[in-house]
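Student: I'd like to go over a predicted model; first the sequence, then the structure.
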Amino acid sequence: MKQLLSLSTRLLLLLMLAVNTNVFSQETDAEKNKNAELKPAYTGSRSYNYQLSKSSGTAAIGLAKYLRFAIHDGNLITGGLINSGLMAYHYVGGSPFLSWPKGTKQVQYLHGAVFYVAAEVKDEKGNTIHLVSDNYRRGGETSLDQSHFYGFMPLPKYFNNHQPNSQEWDISGIPEDVGTDGIPNTKDFGEGDGVLQAQEDSNKNGILDNSLINSVGWFAISHRKETWPEYWPQGSYPGDTRSAGVNQPDIRAGKWNGEYGAYIRADQESYYVMD
């Protein structure tokens, strides 16, 4: 996405709010409510992962295998986010509509939201043309041979993709042996002693985990530490001391990679990067 923005001379980002009304009246109810489920897949040497597909036999290809959703329910709002720039249900099984107020009296307000990216560029003949691309997953842009979908996809290593029964994963989870304050490298009571303190047991399994497993299967969200990667990718925060291409822990390993620093400021925050 950063490359696309840097190459464009004029950009316009619009957020389309598809309210749960008759916006999708061109489809039957059966089609509209057909889930694009995130199904577990075992495909040869591939890891166990959740894939976004209407066909249960379709293997996740390229960055598509990193598609995940997460559910926010801070304050009085509840709803899903998908780490390819989508918001709310958007035909992804398990990702709920955006609703308010939270609880038994909730009202569904938002079916799905997507980004538009527009650019004014010169073609090979010198003509000024306007390109508009969206990330809408129903009837969106596909390649001429219909082999793949044009849209944003999440980049790897921004969440812990070591999930239950994984055979392979790109990055694992954070350790729990960080002491009673829950923050690594502070040398507080219990840090590095190999003994489980009650405050360290973030997944409540009664075991001191050296690497948390992402049992919920979401992308990184602040209040679920099992979704955090062991360390954040190089260049993803100010003060990163690693050189480009270096994959090893740094100063924010085991901490939340927040917008304003290595801490959580809002009730809930989620984080992903897409391309």
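Tutor: Sure thing, it's come through. These figures come from a predicted structure and were not determined experimentally. Residues are numbered from 1 along each chain as shown.
Student: dump the residue contacts of residue 189.
Tutor: 179, 180, 197 (C-beta atoms under 8 Å, 6 or more residues apart in numbering). From N, CA and C alone the C-beta is placed, and that goes for glycine too.
Student: Run a quick neighbour tally on the last one.
Tutor: Other residues within reach of residue 197 by the criterion other C-beta atoms under 10 Å amount to 18.
Student: Setting aside sequence neighbours, what's the nearest residue to it?
Tutor: Distances taken as C-beta to C-beta, 6 or more residues apart in numbering put residue 190 closest to residue 197, at 4.2 Å, once the chain neighbours are dropped.
Student: Wait, the one you found touches residue 176, no?
Tutor: No: Residue 190 lies out of contact with residue 176 (C-beta atoms under 8 Å); the separation is 10.1 Å.
Student: Any regions of the stretch 101-250 of the chain where pLDDT drops low?
Tutor: For the stretch 101-250 of the chain, the stretches with pLDDT under 70 are 137-140.
Student: Strands along the protein, start to end?
Tutor: Taking DSSP state E as the criterion, the chain carries its strands at 11-19, 38-41, 49-52, 69-72, 79-82, 86-87, 98-100, 107-122, 128-134.
Student: Tell me how many other residues crowd residue 266.
Tutor: Look at residue 266: counted by other C-beta under 10 Å, it has 13 neighbours.
Student: so what's it up against?
Tutor: So residue 266 contacts 74, 222 (C-beta under 8 Å, 6+ apart).
Student: gap between it and residue 162?
Tutor: 26 Å (C-beta to C-beta, to the nearest Å).
Student: got the contact list for the residue nearest to residue 197?
Tutor: Residue 190 sits in contact with 177, 179, 180, 197, 199, 200, where contact means C-beta under 8 Å, 6+ apart.
Student: Run the chain-centre distance for stretch 98-118.
Tutor: With C-alpha atoms, centre = their mean, to the nearest Å as the basis, stretch 98-118 stands 17 Å off its chain's centre.
Student: follow-up on the earlier one: from the contacts of residue 189, pick the one nearest residue 274.
Tutor: residue 179 (34.4 Å; C-beta to C-beta).
Student: Counting neighbours, what do you get for the closest residue to the closest one other than its chain neighbours?
Tutor: Leaving aside its chain neighbours, residue 179 sits nearest to residue 191 (3.2 Å; criterion: C-beta to C-beta, 6+ apart). Here the number of neighbours of residue 191 (other C-beta under 10 Å) works out to 18.
Student: List the residues that contact residue 191.
Tutor: 177, 178, 179, 184, 185.
Student: Just put those residues in a markdown table and tack on distance to residue 205 and neighbour count.
Tutor: As requested, the contacts of residue 191 are exported to a markdown table (distance: C-beta to C-beta, whole Å; neighbours: other C-beta atoms under 10 Å):
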| residue | distance to residue 205 | neighbour count |
| --- | --- | --- |
| 177 | 14 | 17 |
| 178 | 16 | 22 |
| 179 | 18 | 20 |
| 184 | 20 | 20 |
| 185 | 24 | 13 |
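Student: Neighbours of the closest residue to residue 241 other than its chain neighbours, how many?
Tutor: Distances taken as C-beta to C-beta, 6+ apart put residue 250 closest to residue 241, at 5.9 Å, once the chain neighbours are dropped. The number of residues packed near residue 250 is 16, by other C-beta under 10 Å.
Student: contacting residues for residue 250?
Tutor: Residue 250 neighbours (C-beta under 8 Å, 6+ apart): 231, 232, 234, 240, 241, 242.
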